[in-house]
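> I'd like to go over a predicted model; first the sequence, then the structure.
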Amino acid sequence: MHVQLIVEQVLAAPMPDPTAVAPPGLQEIGGQFLGWMKWILRACGVGGLLACGIMMTVGRRNRSSFAADGASGIPWVLGGLTLGSMAVLLAGAFA
C-alpha cells in the first residue's frame, strides 16, 4: 500500500522540461554542420530525380524494365526529401 502511494506521488510530480541549449562554442559549428547536411540532401534529391528521369528516358525504347526502375525510384527520392524536410519536426516531437 505504501509503495503504491509513493509511486503515484512520483508519477504525479511535475517533470522539468529544459530547453535544448548548445554547449558553449558549438552552436556555430552545429549550425554549419546542419546547413551542410541540408545542402547535401537537396543536391542528392535533385540528382536522384534527374537520374530517375534519365533512366525513364533511356529505357523508353526496348528497355522497359530500365524505365520501370527509374519510375519506381521516384517515390523513394521524394520520400527521402520529405523525411529530410520534416527532420526537425520529427526530432522535436520525440525529444
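Sure thing, it's come through. Please read all numbers here as calculations on a predicted model, not as lab measurements.

> Ramachandran angles for Gly25?
Main-chain torsions, Gly25, degrees, to the nearest 10: phi 90, psi -10.

> and Ala68, how many residues sit next to it?
A count of nearby residues for Ala68, using other Cβ atoms under 10 Å, gives 13. For every residue, glycine as well, the C-beta is placed using N, CA and C.

> Quick check: closest non-adjacent residue to it.
Spatial nearest neighbour of Ala68, excluding adjacent residues (Cβ to Cβ, 6 or more residues apart in numbering): Gly59 at 7.3 Å.

> pretty sure that neighbour contacts Phe66?
Yes: at 3.2 Å, Gly59 counts as touching Phe66 under the criterion of Cβ atoms under 8 Å.

> contacting residues around stretch 58-65?
66-70 (Cβ atoms under 8 Å, 6 or more residues apart in numbering).

> quick one: average confidence on that stretch?
Mean per-residue pLDDT for stretch 58-65: 83.

> So which bits of that stretch are buried?
For stretch 58-65, the neighbour count (16 or more other Cβ atoms under 10 Å) marks Gly59 as buried.

> just to revisit the earlier point, tell me which of the contacts of stretch 58-65 is nearest to Phe33?
Phe33 lies nearest to Gly70 out of the contacts of stretch 58-65, by Cβ to Cβ, at 32.5 Å.
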